[in-house]
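Asks: Show me the folded form of this:
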Amino acid sequence: MRSSAAQGLRFLYVHPVNLPGVEANGVQAAETCRALAELGHEVFLIVKKLEEEAPAAVLARLGLAPHPGLFLVAEPAIRLKNTSGLRSVLVRGLLLWFLGALSRRGRTVLYFRTLKDSRLARFLLAAARLLRVPVIYEAHKIYAEKRVDQGFQEETLRRVRRLEGKVFARAHGVIASHPLLEAALKEEYAPAGRVRVAPNGVRQVEVAPAAKEFDAVYAGSLFPWKGVDVCLEALARAPGRTLAVVGGNPEERLAELCARAAALGLLDRVHFFGQQPRQAALEIVARARAAFVPLDPEFAEGDRYTFPLKLLEAMMLGVPVLAADSPAIRTFVTEGRDALLFPRGDASALAAALARVLVEPGLAARLEESGRALAAEHSFAGRAARVAELARSLFCH
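Replies: So this is what the prediction gives:
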């Protein structure tokens with residue numbers, strides 16, 4: 001009888017980040033790869049750098065146990081952004097050889113999920129053709145829209161659109177992280193390959209019961225589109241209430257938020273924990289009576305394409321969620337049942353929603369129960385199954 005590894009596929013998941021790193025995309029990648037391994041596939045998660053000497057230690061910091069089908073590989077050459085000339089040719093040659101050595105004809109899939117390094121994206125498309133393996137691109141946004149939000153000039157936007165057009169024309173398969181993103185991709189680029197939706201997931205994690213120390217918590221990155229500023233503004237309208245902020249990426253934004261809290265006179269009521277290991281971050285979230293999931297309405301990514309990991313993690317922990325009312329969130333969350341939704345950017349409405357949860361125990365209990373049920377419906381195992389189904393279909397003729 002053939003082993004599960006022999007029956008499964010081999011995924012070469014190229015992601016030019018450091019692990020465990022400070023961003024949620026590293027957690028998402030590692031969780032998806034481990035779930036694929038649990039399904040019987042061989043998965044090589046190829047990153048720029050491992051921040052611990054032993055892969056098992058990296059996985060431990062991500063809250064994951066090792067798996068015999070999951071291999072973490074540090075390959076600095078995958079960062080092609082700053083290479084040029086003869087060095088660029090040599091690096092690409094070595095990287096092509098490296099990927100070829102891992103490939104197994106007829107069962108290998110090349111997989112990537114970022115266009116930040118445009119040179120790497122183009123290389124991977126070419127490598128897939130040379131190695132005769134299918135390539136899957138995982139989309140979490142339309143990069144051209146993101147660059148518009150960031151204020152880039154038209155010349156840059158044209159380059160990004162050309163790159164995205166090439167990726168969607170050549171990728172054999174596309175994973176869209178949100179149903180609204182799938183619709184937007186089909187309208188904007190009409191991908192040539194097969195498209196599947198695989199939303200974010202969450203893994204059930206054991207967290208020891210703890211006393212509630214904070215009225216609210218925000219956990220996640222601090223980029224402007226996350227809308228963290230409105231959390232501070234809401235707290236200023238909620239006398240005596242406390243807020244925990246977990247996250248420190250990017251560092252300059254943490255400094256800005258600390259300064260803003262000081263200007264609002266909130267330093268005695270806001271606890272900035274900075275970047276925390278995953279388990280520690282979850283334990284802090286579990287110590288809060290409510291979780292904030294704000295999103296800035298001016299950014300397309302937060303408005304239409306996100307289903308935040310931190311939203312699912314809070315629900316999984318039984319913490320009532322107060323989330324920005326956006327098309328992206330409403331796709332999955334029902335107002336008043338799974339979470340309380342407030343108009344995006346409206347600090348007064350967020351403060352009022354917090355007051356309701358804190359003074360209405362019946363409401364908090366209903367949100368907790370329904371949130372747990374919603375989180376249970378969105379697992380990384382389910383996400384990996386969708387990815388694997390798409391990958392298998394690429395070998396069917």
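Asks: where along the stretch 1-150 of the chain do the helices fall?
Replies: Using DSSP state H, counting those that start in this stretch, the helices of the stretch 1-150 of the chain run over 4-7, 24-38, 55-61, 85-102, 118-131, 143-149.
Asks: can you tell which of those helices is closest to Leu180?
Replies: Leu180 lies closest, by CB to CB, to one member of those: helix 143-149, at 12.1 Å. In this view, the C-beta of every residue, glycine as well, is placed from N, C-alpha and C.
Asks: Contacts for the closest one next, please.
Replies: 115, 156-157, 160-161, 163-164, 225, 298-301 (CB atoms under 8 Å, 6 or more residues apart in numbering).
Asks: go with 6 Å
Replies: By CB atoms under 6 Å, 6 or more residues apart in numbering, the residues outside helix 143-149 that reach it are 115, 157, 160-161, 164, 299-301.
Asks: With stretch 269-280 instead?
Replies: 22, 61-63, 242-246, 248, 258, 261.
Asks: Out of the contacts of helix 143-149, which sit inside helices?
Replies: When DSSP state H is applied, the contacts of helix 143-149 are split such that 157, 160-161, 164, 300 fall in helices.
Asks: Can you go through the contacts of helix 143-149 and name the buried ones?
Replies: 115, 160-161, 164, 299-301 (16 or more other CB atoms under 10 Å).
Asks: I'd like the contacts of helix 143-149 as JSON lines, with pLDDT and distance to Glu138 appended.
Replies: Listed next are the contacts of helix 143-149 as JSON lines, based on pLDDT from 0 to 100; distance: CB to CB, whole Å:
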{"residue": "Leu115", "pLDDT": "91", "distance to Glu138": "11"}
{"residue": "Leu157", "pLDDT": "92", "distance to Glu138": "22"}
{"residue": "Val160", "pLDDT": "93", "distance to Glu138": "17"}
{"residue": "Arg161", "pLDDT": "95", "distance to Glu138": "19"}
{"residue": "Glu164", "pLDDT": "96", "distance to Glu138": "13"}
{"residue": "Phe299", "pLDDT": "81", "distance to Glu138": "20"}
{"residue": "Ala300", "pLDDT": "82", "distance to Glu138": "18"}
{"residue": "Glu301", "pLDDT": "81", "distance to Glu138": "15"}
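Asks: In a markdown table: the residues you listed, plus distance to Ala375.
Replies: Shown next, in a markdown table, are the contacts of helix 143-149 (distance: CB to CB, whole Å):
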| residue | distance to Ala375 |
| --- | --- |
| Leu115 | 30 |
| Leu157 | 37 |
| Val160 | 34 |
| Arg161 | 36 |
| Glu164 | 32 |
| Phe299 | 25 |
| Ala300 | 25 |
| Glu301 | 22 |
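Asks: ok, those vs Glu313, which is closest?
Replies: Distances from Glu313 to those, taken by CB to CB, are shortest for Glu301, at 19.1 Å.
Asks: now stretch 45-59: how far from the chain's centre is it?
Replies: Relative to the centre of its chain, stretch 45-59 is centred 18 Å away, using CA atoms, centre = their mean, to the nearest Å.
Asks: okay, how far is it across it, tip to tip?
Replies: 12 Å (CA to CA, to the nearest Å).
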